[in-house]
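**Q** okay, predicted coordinates and the sequence, questions at the end:
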Amino acid sequence: MTDKPLAGAGLRGQSAGSTALCTVGQSGSGLTYRGYDIAELADKARFEEVAYLLLKGKLPTQAELDAYITRIKRLRGLPAPLKAVLEQIPADAHPMDVMRTGASMLGNLETEEHFDEQQDAADRLLAVLPSIICYWYRYSHDGVRIDTETDDDSVGGHFLHLLRDEAPSELHAQVMSVSLILYAEHEFNASTFTARVCASTLSDMHSCVTGAIGSLRGPLHGGANEAAMAMIENWTSADEAEREILGMLERKEKIMGFGHAIYRESDPRNAIIKKWSKRLAEDVGDSVLYPVSERVEAVMWREKKLFCNADFFHASAYHFMGIPTKLFTPIFVCSRVTGWCAHVFEQRDNNRIIRPSADYVGPDARDWLPIEQRD
Ligand SMILES: CC(=O)SCCNC(=O)CCNC(=O)[C@H](O)C(C)(C)COP(=O)(O)OP(=O)(O)OC[C@H]1O[C@@H](n2cnc3c(N)ncnc32)[C@H](O)[C@@H]1OP(=O)(O)O
Ligand SMILES: O=C([O-])CC(=O)C(=O)O
């Protein structure tokens with residue numbers, strides 16, 4: 001990787017505000033949520049605890065966690081007009097567009113009228129986003145109208161249950177929980193910044209989240225997990241992967257799932273999801289995709305000093321769990337909604353409209369030309 005200074009284009013290296021939610025690229029392993037190291041959270045917490053930490057400001061007691069899980073479970077149902085909208089969306093739509101439309105439609109039906117409803121709006125979104133994507137997916141792909149009110153205690157288990165019509169194995173539920181923890185929050189990334197800009201106009205929660213979904217969709221951000229899968233699934237051996245990657249680098253193509261705007265040496269989430277991807281590879285008896293992924297990682301470091309970000313080994317991990325590639329980025333939404341909403345709360349707590357300046361590079365002042373004199 002080139003040693004570009006962190007300044008200039010893309011607002012890189014410029015502070016755009018303050019946050020008490022997360023540090024990226026600082027102490028410990030390089031990522032903390034409200035002071036807790038990501039490695040410890042991924043190892044010891046369940047996703048619902050992390051959601052509580054982000055949204056309510058502290059780790060829950062057992063009683064608080066139990067009550068929170070019960071609350072989330074009760075909020076999984078879809079209103080009939082939202083189901084009717086989801087049923088209109090074709091099977092070949094991009095699932096991130098479905099998420100965006102789902103969040104937006106919910107805002108029409110359950111509008112956040114006052115900011116004192118913000119915690120309720122966030123809890124509802126956290127509970128219902130997996131229902132939205134799975135209801136659409138199962139209706140458009142399998143022709144079934146699923147009941148989205150499962151009894152699963154976890155958000156990840158609920159998602160897998162809706163997708164497959166059966167409760168997931170303990171291993172899959174655990175990997176989903178870890179994955180959702182890793183994706184939950186990441187300071188002023190593009191989608192969170194989108195949410196904060198929207199919040200700074202004193203807009204409603206659903207508008208902030210709808211905008212954030214649009215930003216997460218792109219392949220330079222959340223869409224990279226799907227793009228990485230689309231790349232590695234083409235290769236049948238580690239040697240083939242190496243040849244292809246070298247060709248892509250030669251042609252100056254971007255390798256999705258590598259590099260980061262803030263981290264310089266490594267993304268602390270990678271080692272964690274990589275470990276789970278390996279475990280899943282053993283579980284399914286894979287002898288291709290995991291070795292291919294490992295080789296790509298080695299070649300990228302050897303050739304470019306570029307490292308895997310959070311997205312790269314998520315691709316193989318999700319694939320080993322049988323999750324369709326096009327649902328990878330929507331899972332990211334189901335997690336990051338916690339970070340987005342927590343940032344909206346923080347923005348509202350100490351708000352000033354976000355309105356930077358621009359360096360003008362257009363023409364100097366000039367005379368108006370009547371329409372008949374223009375070429
Ligand atoms: C959860 C997440 O959202 S993590 C990010 C997911 N996105 C991806 O995986 C997409 C692939 N990666 C990228 O496009 C970039 O690394 C980004 C968008 C993540 C960060 O972009 P930047 O901050 O502009 O990257 P950075 O300044 O470190 O780039 C340095 C150089 O490395 C190159 N580079 C960076 N990432 C890659 C990559 N994945 N493949 C090939 N070259 C790369 C850049 O082209 C740049 O070269 P240049 O100076 O000749 O233009
Ligand atoms: O921080 C970023 O720019 C992107 C990222 O890793 C994330 O949002 O998780």
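**A** Everything's here; your move. Ligands and ions are numbered 1, 2, ... in the order given.

**Q** contacts, neighbours, all on C-alpha from now
**A** Noted.

**Q** return the residues in contact with residue 317.
**A** 273, 274, 276, 277, 278, 280, 281 (Cα atoms under 8 Å, 6 or more residues apart in numbering).

**Q** not counting sequence-adjacent ones, nearest residue to the fifth one?
**A** By that I understand residue 278. residue 290 (6.8 Å; Cα to Cα, 6 or more residues apart in numbering).

**Q** thinking again about what came up before, what is the nearest of the contacts of residue 317 to ligand 1?
**A** For the contacts of residue 317, the residue nearest ligand 1 by Cα to the nearest ligand atom is residue 273; the value is 12.5 Å.

**Q** how about the residues of this protein near ligand 1?
**A** 1-2, 219-222, 224, 254-261, 309-311 (Cα under 6 Å from any ligand atom).

**Q** what sits closest to residue 266 if chain neighbours are left out?
**A** Nearest residue to residue 266 in three dimensions, chain neighbours excluded: residue 307, at 5.7 Å (Cα to Cα, 6+ apart).

**Q** isn't the one you found up against residue 269?
**A** No - using Cα atoms under 8 Å, residue 307 is not in contact with residue 269, being 11.4 Å away.

**Q** which of the three states applies to the most centrally placed residue in the chain?
**A** Ranked by distance to the mean C-alpha position of the chain (Cα atoms, centre = their mean), the top residue is residue 332 at 3.0 Å. Secondary structure, DSSP: H, G, I helix; E, B strand; the rest coil: residue 332 is helix.

**Q** next one: it from residue 257, what distance?
**A** Going from residue 332 to residue 257 by Cα to Cα, to the nearest Å gives 14 Å.

**Q** any idea of the mean pLDDT for the helix of greatest length in the chain?
**A** Longest helix of the chain, by residue count under DSSP state H: helix 118-142. Across helix 118-142, pLDDT averages out at 98.

**Q** any idea which helix or strand comes after that helix?
**A** Downstream of helix 118-142, the first helix or strand assigned by DSSP states H and E is helix 155-164.

**Q** quick one, helices of the stretch 201-350 of the chain?
**A** For the stretch 201-350 of the chain, the helices defined by DSSP state H, counting those that start in this stretch cover 205-216, 224-232, 238-250, 268-284, 289-304, 312-320, 328-349.

**Q** for ligand 2, what's its nearest residue on the stretch 151-300 of the chain.
**A** residue 189 (4.0 Å).

**Q** can you pull the phi/psi pair for that residue?
**A** phi -60, psi 170 (degrees, to the nearest 10).

**Q** mind listing what it touches?
**A** Contact analysis of residue 189 by Cα under 8 Å, 6+ apart lists nothing.

**Q** again, only this time at 10 Å
**A** Neighbour list for residue 189: 24, 215, 216, 221, 261, 262 [criterion: Cα atoms under 10 Å, 6 or more residues apart in numbering].

**Q** what is the neighbour count of the fourth one?
**A** Same thing as residue 221. Close neighbours of residue 221, defined as other Cα atoms under 10 Å, add up to 18.

**Q** which ones are touching it?
**A** 189, 190, 191, 215, 256, 257, 260, 311, 329.

**Q** show the buried residues in those residues.
**A** Those of the contacts of residue 221 that meet the buried threshold are 190, 191, 215, 256, 257, 260, 311, 329, by 16 or more other Cα atoms under 10 Å.

**Q** how many other residues sit next to residue 270?
**A** With other Cα under 10 Å as criterion, residue 270 counts 18.

**Q** my guess is it meets residue 315, correct?
**A** No - at 11.4 Å, residue 270 does not count as touching residue 315 under the criterion of Cα atoms under 10 Å.

**Q** can you count the residues close to residue 110?
**A** Residues near residue 110, counting by other Cα under 10 Å, number 13.

**Q** please apply the same query to residue 201.
**A** Residue 201, neighbours per other Cα under 10 Å, totals 15.

**Q** got it, and residue 80?
**A** Here the number of neighbours of residue 80 (other Cα under 10 Å) works out to 9.

**Q** show me the contacts for it.
**A** By Cα under 10 Å, 6+ apart, residue 80 lies in contact with residue 86.

**Q** nearest spatial neighbour of residue 24, skipping sequence neighbours?
**A** Nearest residue to residue 24, sequence neighbours excluded (Cα to Cα, 6+ apart): residue 31, at 4.9 Å.

**Q** can you check the pLDDT for the one you found?
**A** For residue 31, pLDDT reads 97.

**Q** any idea how far ligand 1 is from it?
**A** Remark: distance between residue 31 and ligand 1 (Cα to the nearest ligand atom, to the nearest Å) = 13 Å.
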